[in-house]
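# Model the structure of this input:
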Amino acid sequence: MLFIGLTMLGYISYTRLPVELFPNAQLPTLIVQAGSMQEMDPSHIETQVIVPLEGAIGTLENIEKIESNVTSSYGTIFIYYNQLTDLKYAYLKLEEKIDLVRNSLPPGFIVNVIRIDLEQLTNQFMELQIRGEGGSDRIRNLAESEIRPGLENIEGIAGVQIYGGQENSIEVRLDPQAAKAHGVTPGQIRTLLNDNSGVKTFVGKVTEGSDELFVNVSSEYTDVNEIGNLTVKRDGPVLLKDVATIFFGVKEEESHSRVNGMDAVTMTLVNDNQSNLIDLSHDVLDEIRILNEKLESSGVTVVVTNNNAEVMENNIDQIINLAVTGGLLAVVIL
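Here you go, the predicted structure:
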């Protein structure tokens, strides 16, 4: 009965173990980077940008050490936290402090908060290639319209990224005379576009134990005309479309891929952190089989070039085989 109980406990524990290719190791470090498109005296960046940011960061809790590096075009602040600090909460609090200081910085500086952990480096669990004839632009259009929606609808897929072909882009061309007449500089335009590319709205807070987490929702543009209606200067007011012309087009193609004589674009799949990678991989492979049958008449094929879940599944099968073999050998020896 004792050995049966231990065996059942081991089996139940095995079924409840999280499945990950690598353990989710978080470095207790956050990075704040402030950069400018123009080169300038590093001492100016230090006094006008880095020192105010350090002053705001220094009011936060659980910070062990702050280090700063400054070059002629950007400054970087490394914030080292105590080992037991909840980095998710610390990241939100740091974002709040940076938002309070961002508007007081000189025009033209872009400030970003960076968090690095192993989970972010390994969340691209599968890489696909879409191969066919007719040019990489045709392949990319098919990938955008026919393949991407089906993969994004799979539960557990957090994002789908496509590389290759001509990517849609929005170009803002500043009218120098109109900008000078209204007193608008290119640095103000850059800051405006950067601040409005991911507008965040506070929607509430949740409590997790003794921690209080703030929830923000990021908005996205759905129409090119919305960008033209951004307010560049409140006196008037002056809108972006008053001092610049906005074009919607495609980026210049920087690379071209061919596999076995066929044009190809690459697609990477990003998994949700809560999903079971092996089950998700099986769902994606089933969807790929359906897509290949659907696209067969178009002369396009979806090929899996890398699958992290397959490595995990092979490792788990090997562990099971070793456990069974070890158990049988123990019985035979006894």
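
# Low-confidence ranges, the stretch 201-334 of the chain, go.
Within the stretch 201-334 of the chain, the stretches with pLDDT under 70 are 201-202, 217-224, 249-256.

# can you give me the strands for it?
211-218, 231-233, 238-239, 244-250, 257-259, 262-271, 301-307 (DSSP state E, counting those that start in this stretch).

# Of the ones you listed, which stretch is the most buried?
strand 262-271 (a mean of 20; mean count of other C-beta atoms under 10 Å). The way it works is simple: take the backbone N, C-alpha and C, and place the C-beta from them, glycine included.

# Give me the sheet partners of it and which way each runs.
Next to strand 262-271 in the sheet, as set by DSSP bridges, lie strand 124-132 (antiparallel), strand 157-163 (antiparallel), strand 257-259 (antiparallel).

# measure the residue lying closest to residue 259 once chain neighbours are set aside to residue 305 for me?
Leaving aside its chain neighbours, residue 259 sits nearest to residue 131 (5.5 Å; criterion: C-beta to C-beta, 6 or more residues apart in numbering). Distance, residue 131 to residue 305, using C-beta to C-beta, to the nearest Å: 10 Å.

# now swap in residue 193 and tell me
Residue 193 is 35 Å from residue 305, by C-beta to C-beta.

# contacting residues for residue 143?
130, 162, 165, 265, 267 (C-beta atoms under 8 Å, 6 or more residues apart in numbering).

# still on that earlier bit, quick check: bridge partners of the residue nearest to residue 259?
In beta-bridge terms (that is, DSSP bridges), residue 131 pairs with residue 264, residue 301.

# which stretches of the protein form helices?
2-16, 42-45, 51-57, 87-102, 118-121, 136-142, 148-152, 176-182, 186-196, 224-228, 240-243, 277-295, 308-333 (DSSP state H).

# Select, out of these, the one closest to residue 210.
With C-beta to C-beta as the measure, helix 87-102 is the member of those nearest residue 210 (10.1 Å).

# what separates the closest one from the chain centre, distance-wise?
When distances are taken as C-alpha atoms, centre = their mean, to the nearest Å, helix 87-102 is centred 18 Å away from the chain's centroid.

# Now residue 266. Nearest residue, chain neighbours left out?
Nearest one to residue 266, counting by C-beta to C-beta, 6+ apart, is residue 163 at 4.5 Å.

# before we move on, back to that, residue 263 versus the residue nearest to residue 259, what's the distance?
7 Å.

# Identify the contacts common to the two.
Residues touching both residue 131 and residue 263 (C-beta under 8 Å, 6+ apart): residue 139.

# And the chain, split by domain according to the record?
The record's domain parsing of the chain by automatic domain parsing lists 26-120, 123-165+261-324, 168-250.

# any chance of the ones you listed in CSV, with distance to residue 6 too?
Converted to CSV, those look like this (distance: least, C-beta to C-beta, whole Å):
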stretch, distance to residue 6
domain 26-120, 33
domain 123-165+261-324, 13
domain 168-250, 33
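
# Of these, which is nearest residue 4?
domain 123-165+261-324 (16.4 Å).

# Residue 41 against residue 70, yeah?
No: between residue 41 and residue 70 there is no contact under C-beta atoms under 8 Å: 9.8 Å.

# and those two? which has more neighbours close in?
Ranked by neighbour count (other C-beta atoms under 10 Å), residue 41 and residue 70 place residue 70 first, with 19 against 11.

# That one bridge partners, please.
residue 75.

# Just the pLDDT for it.
Residue 70 is assigned 90 on the pLDDT scale.

# ok, it - contacts?
Residue 70 makes contacts with 42, 45-46, 50, 76, as judged by C-beta under 8 Å, 6+ apart.

# Who wins on neighbours among these?
Neighbour counts for the contacts of residue 70 (other C-beta under 10 Å) peak at residue 45, which has 23 neighbours.
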